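A.B. asks: Generate a structure from the sequence data that follows.
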Amino acid sequence: MQRPSHILNAASNLLGIALVIIAGLNVSHVADKNFADEIAWLAAICLATSCLLSYLALRHERRAAVTEKWADRIFLLGLGALIGSILVLAITNR
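C.D. replies: Below is the predicted model of the structure:
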């Protein structure tokens, strides 16, 4: 299995988690009280971009190295934002 496919699998799974966090905060009306959902939106955008770039790296061999590098960087940014969203939510709901 190639590295971009690992990024694609992980990013798509974490994108689902970010969307569940966003939906849960909006349904429970907690989104108005803190900015954890804005951070989760940032994570969702980064993870969706990482999914797209890792898919493009799998499809286009010629530019795969550059696209894979950016997919990896944006994935880590999205992962950090997702962790930040959970931390903000945990701290503000003490």
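A.B. asks: Run a quick neighbour tally on residue 32.
C.D. replies: 8 (other C-beta atoms under 10 Å). The way it works is simple: take the backbone N, C-alpha and C, and place the C-beta from them, glycine included.
A.B. asks: In terms of helix, strand or coil, where does it fall?
C.D. replies: coil (DSSP: H, G, I helix; E, B strand; the rest coil).
A.B. asks: Any regions of the protein where pLDDT drops low?
C.D. replies: The chain contains residues with pLDDT under 70 at 1-4.
A.B. asks: Go through this structure and flag its longest helix.
C.D. replies: helix 64-92 (DSSP state H).
A.B. asks: Name the residues of it that come out as buried.
C.D. replies: 64, 67-68, 71-72, 74-75, 77-79, 81-82, 85-86, 88-89 (16 or more other C-beta atoms under 10 Å).
A.B. asks: Measure how far it is from the centre of its chain, please.
C.D. replies: 6 Å (C-alpha atoms, centre = their mean, to the nearest Å).
A.B. asks: next one: stretch 48-64
C.D. replies: On C-alpha atoms, centre = their mean, the centre of stretch 48-64 falls 16 Å from the chain's centre.
A.B. asks: List the residues that contact the residue nearest to the spatial centre of the chain.
C.D. replies: Nearest to the geometric centre of the chain sits residue 47, at 3.0 Å (C-alpha atoms, centre = their mean). Shown in contact with residue 47 (C-beta atoms under 8 Å, 6 or more residues apart in numbering): 11-12, 14-15, 18, 75, 78-79, 82.
A.B. asks: what kind of secondary structure is it in?
C.D. replies: Residue 47 - assigned by three-state DSSP - is helix.
A.B. asks: Next, work out how far apart it and residue 56 are.
C.D. replies: 15 Å (C-beta to C-beta, to the nearest Å).
A.B. asks: and if you look at residue 50?
C.D. replies: Distance from residue 50 to residue 56, by C-beta to C-beta: 11 Å.
A.B. asks: Who has more neighbours out of those two?
C.D. replies: Between residue 50 and residue 56, counted using other C-beta under 10 Å, residue 50 has the larger neighbour count: 28 against 16.
A.B. asks: To which secondary structure element type does the residue of the chain most remote from its centre belong?
C.D. replies: Going by C-alpha atoms, centre = their mean, the residue of the chain most distant from its centre is residue 62, 25.8 Å out. Using three-state DSSP as the criterion, the local structure at residue 62 reads coil.
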